[in-house]
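K.L.:
Sequence isn't available, so here's the structure alone:
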Ligand SMILES: NC(=O)C1=CN([C@@H]2O[C@H](COP(=O)(O)OP(=O)(O)OC[C@H]3O[C@@H](n4cnc5c(N)ncnc54)[C@H](OP(=O)(O)O)[C@@H]3O)[C@@H](O)[C@H]2O)C=CC1
Ligand SMILES: O=C(O)C1=N[C@H](C(=O)O)C[C@H](O)C1
């Protein structure tokens, strides 16, 4: 049976870990087609076929020119760096191309800029596109409400040696969800480092610990440590394919939308 291709998708960071995973997922999807590929000017991939690493010819060359890279697309998936994402947003707004943003490490000011672009194009932005992590966020919301007093809360994350931001975007989102459930503001209660004579733990804080090493795809644990018991809620990613599949669900969700900022709770109906 012939499949109908309905989504023309460009990928930014085409030679990156997630970029390659996305190109592979688009090729296997049946309803999406690769219509553009972007990378930084210094990338070894510029000028090459975007699917060459799969031993396949997609007919889409990797370009460093954002406007050329998105010209044939209805949506751009971006897993790059915050400064790259912002440059891509500018090009997408000019061309009326929607965006799926998986990049992490944005400052508050940069997040406000993304929100501003969402007045003109539709954007799904989430620090973690996997179904499992987003369901975990709902579990954390419930746990935090039930364990509001008497339990110290610590978020522990582990990632591969190449990751450049810490804590991970997912860990920060977990902290935000928990803080909100407890009626706190993460800005006021987050503790990102401990060293030396720190004093006793302030029960109102949410602590973060980051481990970096090897090829760990992404592990997140939230520890609720009480007196006489501990509860640990853990999610472990064994493959980046889950992030790519979630990104394609976001692409389908955006079809026909003209503006607005959405996240994976919207895409997955978890709100
Ligand atoms: N939301 C989610 O589910 C997930 C989010 N992520 C996030 O996605 C991002 C990318 O992760 P990952 O694929 O592992 O990283 P990689 O470093 O493997 O890939 C990043 C890609 O973006 C390119 N790039 C770097 N800087 C810029 C820039 N300024 N403008 C445009 N492109 C740029 C890189 O080019 P070059 O290598 O030549 O520098 C590379 O091709 C990270 O922020 C990560 O935290 C990752 C996995 C899941
Ligand atoms: O850089 C990564 O690899 C990942 N980044 C995201 C994050 O910062 O939370 C999502 C996932 O954990 C993998």
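P.N.:
Done, it's in. Predicted, not measured: the structure shown is a model, and the values here were computed from it. Ligands and ions are numbered 1, 2, ... in the order given.
K.L.:
Kindly tell me how buried the closest residue to ligand 1 within the stretch 101-250 of the chain is, as a neighbour count.
P.N.:
Here the residue of the stretch 101-250 of the chain nearest ligand 1 is residue 102; by Cβ to the nearest ligand atom that distance is 3.2 Å. C-betas here are computed from N, CA, C, even on glycine. Residue 102 sits with 26 neighbouring residues when counted by other Cβ atoms under 10 Å.
K.L.:
In contact with it, which residues?
P.N.:
By Cβ atoms under 8 Å, 6 or more residues apart in numbering, the contact set of residue 102 is 18, 77, 78, 79, 126, 127, 129, 243, 247.
K.L.:
Leaving out the residues flanking it, which one is nearest to the fourth one?
P.N.:
Same thing as residue 79. Take residue 79 and drop its neighbours on the chain: the residue closest to it by Cβ to Cβ, 6 or more residues apart in numbering is residue 18, 3.6 Å away.
K.L.:
Test my guess that that neighbour contacts residue 244.
P.N.:
Yes: taking contacts as Cβ atoms under 8 Å, residue 18 lies within contact range of residue 244: 7.1 Å.
K.L.:
which parts of the helix or strand where residue 251 lies are buried?
P.N.:
Using DSSP states H and E, residue 251 falls within helix 241-254. Neighbour-count burial for helix 241-254 flags 241-251, 253-254 (criterion: 16 or more other Cβ atoms under 10 Å).
K.L.:
Likewise for stretch 153-168?
P.N.:
153, 154, 155, 156, 157, 158, 159, 163, 165, 166, 167, 168.
K.L.:
start to end distance for it?
P.N.:
Distance between the two ends of stretch 153-168: 17 Å, counting by Cα to Cα, to the nearest Å.
K.L.:
again with stretch 194-214
P.N.:
24 Å.
K.L.:
mind checking how far the nearest residue to residue 80 once chain neighbours are set aside is from residue 133?
P.N.:
Once flanking residues are discounted, residue 80 sits nearest to residue 13: 4.0 Å by Cβ to Cβ, 6+ apart. Residue 13 sits 20 Å away from residue 133, going by Cβ to Cβ, to the nearest Å.
K.L.:
Who has more neighbours out of these two?
P.N.:
Each of residue 13 and residue 133 has its neighbours counted (other Cβ under 10 Å); residue 13 has more, 25 against 22.
K.L.:
Can you give me the pLDDT of that one?
P.N.:
Model confidence at residue 13, expressed as pLDDT, equals 98.
K.L.:
What residues does it make contact with?
P.N.:
With contact set as Cβ under 8 Å, 6+ apart, residue 13 has these partners: 19, 38, 39, 78, 79, 80, 84.
K.L.:
Pretty sure residue 89 sits against residue 99.
P.N.:
Yes: counting by Cβ under 8 Å, residue 89 does reach residue 99; the two are 6.5 Å apart.
K.L.:
Need phi/psi at the residue of the stretch 101-250 of the chain closest to ligand 1.
P.N.:
Main-chain torsions, residue 102, degrees, to the nearest 10: phi -110, psi -10.
K.L.:
cool, residue 49 as well?
P.N.:
As for residue 49, its main-chain torsions (degrees, to the nearest 10) stand at phi -60, psi 130.
K.L.:
Perfect, I'm done here.
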